[in-house]
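Colleague: Requesting a structural model of the entry that follows:
(2 chains)
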Protein chains: 2
Amino acid sequence: MVSLDEKFRTLEADNAPGQEIRQDNTDLNTIMRGEKLAGTPVDFSHGDVDAFPPIPGSHDIWRDGFDRGGQQAYTEYRGAADIREGVADRLGKYTGKPILASNELIITPGTQGALFLALGATVTSGTKVAVIEPDYFANRKLVKFFGGIIVPIPLHFQGAPSENGPDLDKLENAFKSGTKTFVFSTPNNPTGVVFSNSAITAISKLAATHNVTIIVDQLYARMLYSGEVYAHLRACDTRPENLITIMGPSKTESLSGFRLGTAFGTARLIDRMEQLQAIVSLRAAGYNQAVLNTWFLEPAGWIKKRILAHEAIRDDLLKIFRAACFSTATPQAGSYLFPQLSPLDIETDTFVRLLRHQAGVTVTLGTEFAPNLSNNIRLNFSQNHTAAIDAAERIVKMVEAYSK
Amino acid sequence: MVSLDEKFRTLEADNAPGQEIRQDNTDLNTIMRGEKLAGTPVDFSHGDVDAFPPIPGSHDIWRDGFDRGGQQAYTEYRGAADIREGVADRLGKYTGKPILASNELIITPGTQGALFLALGATVTSGTKVAVIEPDYFANRKLVKFFGGIIVPIPLHFQGAPSENGPDLDKLENAFKSGTKTFVFSTPNNPTGVVFSNSAITAISKLAATHNVTIIVDQLYARMLYSGEVYAHLRACDTRPENLITIMGPSKTESLSGFRLGTAFGTARLIDRMEQLQAIVSLRAAGYNQAVLNTWFLEPAGWIKKRILAHEAIRDDLLKIFRAACFSTATPQAGSYLFPQLSPLDIETDTFVRLLRHQAGVTVTLGTEFAPNLSNNIRLNFSQNHTAAIDAAERIVKMVEAYSK
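Modeller: Okay, the predicted model is just below:
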């Protein structure tokens, strides 16, 4: 039996993105080398919705929801039926396979809420869960919280682009050895690697063969860069019986402040997720649900322009980090960059705190995403372009100052 | 080891308030007696925020939050520091003991979110948890979901008002027999009973003596009727070390559509709740948090007027139900009424479905609150006054039609 102390040790959130403000950094002045580096502070731990604001008119659509009063305040736990209709229709078209609004989709408080419900609906004490390393830090924490056993699957991301992707042999072995659930993000958070069409097809077939539940987090799928191709697992010919896809408007569309996400797929799992939602927080905030009426209905060209702006930042940051010899995969989608720093002569977590203290740059530690990646840092480069470049240059200077 | 099927059987939400829309009622026409009863449909499963609208100006305050942009979209998981400052100050004054904004308060997605986090932070496999019966239906479900063992404590509510309250002897026995956590609501949901000052003092002392964690849900405390007195456990002289109080603006203040709640108390537990929040849904929707700046700052007389309006509805409904000889406790606070129907010759769950189908009246089954209360129904009477009275009269007619 896992004690509460043990359970919460695995949830330790002091290094989680956005929580840096709670750190006590009084010790840093004694170990700081050189002066503070001037420049606009940049918080790469999450996207800057002031640099890339929400979908135009989202506040007016919110107000429409508020004005609808009680019927919008108290929706079904899985979300308002009329809003689910529209979202299911548009997401079905986008992902290449229809979604039944009545039974196959739930609106959640952010995609974090969707992930929590999906893992809560499929993982209990002793459930073996395949988890990609590196991947979104909450995946591992969620599996542990529900009492599951993590079966790590390495992601190749620092070699030739054609070799990037999950280790399918290890995945097949895991599926053959009693793994019940496989959770992963594509585009991968933190590396920006998009799982290839052949990888997605193989995963889908393997899961069907071994009756494994798939939870695929596609949060960043829309932010797809020039020349890249995205494969939707739910549109594969051979699919597992139990499949949940997660998407939301928090990232590319900058609607994070509304806490809205969706999960769609196998009706039986959506039912369970709703039952769990009923005791977790009842529903996504009623008035906010209305804002989903803007999603996949953005003004013509708006998404395209946003993608190109991110692509330009990505390219500039890659140049800076590669010139400094930080091994960095090229993100194929999304706004994360995951450089490996050259060797430091202090611990990386101390370096990350110094980076914030001395250079005004906030990043997230690689160990949040995989236990062994202690020399990587994650940047969400959805930021003001100029400020991001200046901050990246400060990172390089800081690495020089604290290098071996 | 509890299987997922078992785990989710206890979460079954088909009879939960607000979910009636998902029921299949095609069987009802064959057993219906008499004609449909005309009248404005009333959904007593939750309050009507059209009849009692949100705090004036709450949408403008929301807009202020939205206009603050990124800093409001991405707050600490426990909520924006400046908003916590104000709320902690006002709640400290209201409850009779100061609250440290930095460490002793968390903003949650509704009080449901607060309850989930509080029980998640204190209950794991095998934890014995004292639960009042009847009490808010999610309490029992949450304990079971986290693997805890329910120790039921009866609430007296149908005798003389002076005898109303929890069975303190049973509670002391439970505390002596290894109970680690005690969760309860006062005003009690569904009966409207307010725990007396002597009961609260006794509970606080017992918990301190036996080192039991207390989670007290005070959601309805502000809707206190004429002549009643409310006791805040956190202001007792002798208190348990581990104490969480839960309040939110969803009820009296009708801000439910924003999904906002708060929990405050022991810093170590608040830390754990935040760690859990980080994997559940990150935070209460950022923009919505701003609306807490209206809470306990309502226009002069607004709350008083609202309470008197509810008291008038309460008194009229009590007259109707008591004239029909339904045993009904007088709610001392809150907007719930919990009448015991006279004996029916059909199952109460079928009656409740017929009530909705034939008479346009939605209520919640007593068994959601205590397994043995199959003849009670719960009404949230925060409704249009006239419509509520008419609907109550239809309930009486329906009971006559289906009585033994």
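Colleague: Pull the number of nearby residues for the residue in the stretch 1-150 of chain A positioned nearest to chain B.
Modeller: Chain B sits closest to A:Ala73 of the stretch 1-150 of chain A, with a gap of 3.1 Å, by CB to the nearest CB. No exception for glycine: its C-beta is placed from N, CA and C like everyone else's. Using other CB atoms under 10 Å in any protein chain shown, A:Ala73 has 27 neighbouring residues.
Colleague: Apart from its chain neighbours, what residue comes closest to it?
Modeller: B:Gly257 (3.1 Å; CB to CB, 6 or more residues apart in numbering or on different chains).
Colleague: hmm, the longest helix anywhere in chain A in reach of chain B?
Modeller: Longest helix in chain A by number of residues (criterion: DSSP state H): helix A:302-323. No - applying CB under 8 Å from any CB of the partner chain, one finds helix A:302-323 out of contact with chain B, separated by at least 15.8 Å.
Colleague: Least confident secondary structure element in chain A?
Modeller: Here the helix or strand of chain A ranked lowest by mean pLDDT, DSSP states H and E is helix A:4-9, holding a mean of 86.
Colleague: Let's verify A:Arg62: helix, strand, or coil?
Modeller: Just to correct that, residue A:62 is Trp rather than Arg. Following DSSP: H, G, I helix; E, B strand; the rest coil, we place A:Trp62 in the helix state.
Colleague: so it touches A:Gln289, yeah?
Modeller: No - counting by CB atoms under 8 Å, A:Trp62 stays clear of A:Gln289, with 9.5 Å between them.
Colleague: What does the pLDDT read for the residue nearest to A:Ala73?
Modeller: B:Gly257 carries a pLDDT score of 97 in this model.
Colleague: from what I can see it touches B:Gly47, true?
Modeller: No - the pair B:Gly257 / B:Gly47 is not scored as a contact, 11.1 Å apart, by CB under 8 Å.
Colleague: Now list whatever residues contact both of the two.
Modeller: When CB atoms under 8 Å, 6 or more residues apart in numbering or on different chains defines a contact, no residue borders B:Gly257 and B:Gly47 alike.
Colleague: Looking at these two now, which is surrounded by more residues?
Modeller: Neighbour count, other CB under 10 Å: between B:Gly257 and B:Gly47, B:Gly257 has more, with 29 against 24.
Colleague: Please report how far that one lies from B:Pro299.
Modeller: B:Gly257 is 20 Å from B:Pro299, where distance means CB to CB, to the nearest Å.
Colleague: which stretches of the stretch 101-250 of chain A form strands?
Modeller: Under the criterion DSSP state E, counting those that start in this stretch, the stretch 101-250 of chain A carries strands at the ranges A:105-108, A:128-133, A:149-156, A:165-166, A:181-185, A:213-217, A:243-247.
Colleague: export those strands to CSV and tack on mean pLDDT and distance to chain B?
Modeller: Putting those into CSV (pLDDT from 0 to 100; distance: least, CB to the nearest CB, whole Å) gives the following:
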stretch, mean pLDDT, distance to chain B
strand A:105-108, 98, 8
strand A:128-133, 98, 13
strand A:149-156, 97, 12
strand A:165-166, 97, 23
strand A:181-185, 98, 10
strand A:213-217, 98, 10
strand A:243-247, 98, 13
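Colleague: for those strands, which one sits closest to B:Ser198?
Modeller: Closest approach to B:Ser198 among these is made by strand A:105-108 (43.7 Å; CB to CB).
Colleague: Which strands and helices lie in contact with that closest one?
Modeller: Packing contacts for strand A:105-108, counted by 3 or more CB pairs under 8 Å, 6 or more residues apart in numbering or on different chains; DSSP states H and E, involve helix A:81-95, helix A:110-120, strand A:261-265, helix A:267-280.
Colleague: Flag the shaky bits of the stretch 151-300 of chain A, pLDDT-wise.
Modeller: For the stretch 151-300 of chain A, no stretch has pLDDT under 70.
Colleague: Of all residues in it, which one is closest to chain B?
Modeller: Nearest residue of the stretch 151-300 of chain A to chain B: A:Gly257, at 3.1 Å (CB to the nearest CB).
Colleague: So that residue, which state does it fall into?
Modeller: Following three-state DSSP, A:Gly257 is assigned to helix.
Colleague: how near is A:Ile215 to A:Gln275?
Modeller: From A:Ile215 across to A:Gln275, the span is 17 Å (CB to CB).
Colleague: Then A:Ala16?
Modeller: Counting by CB to CB, the gap between A:Ala16 and A:Gln275 amounts to 28 Å.
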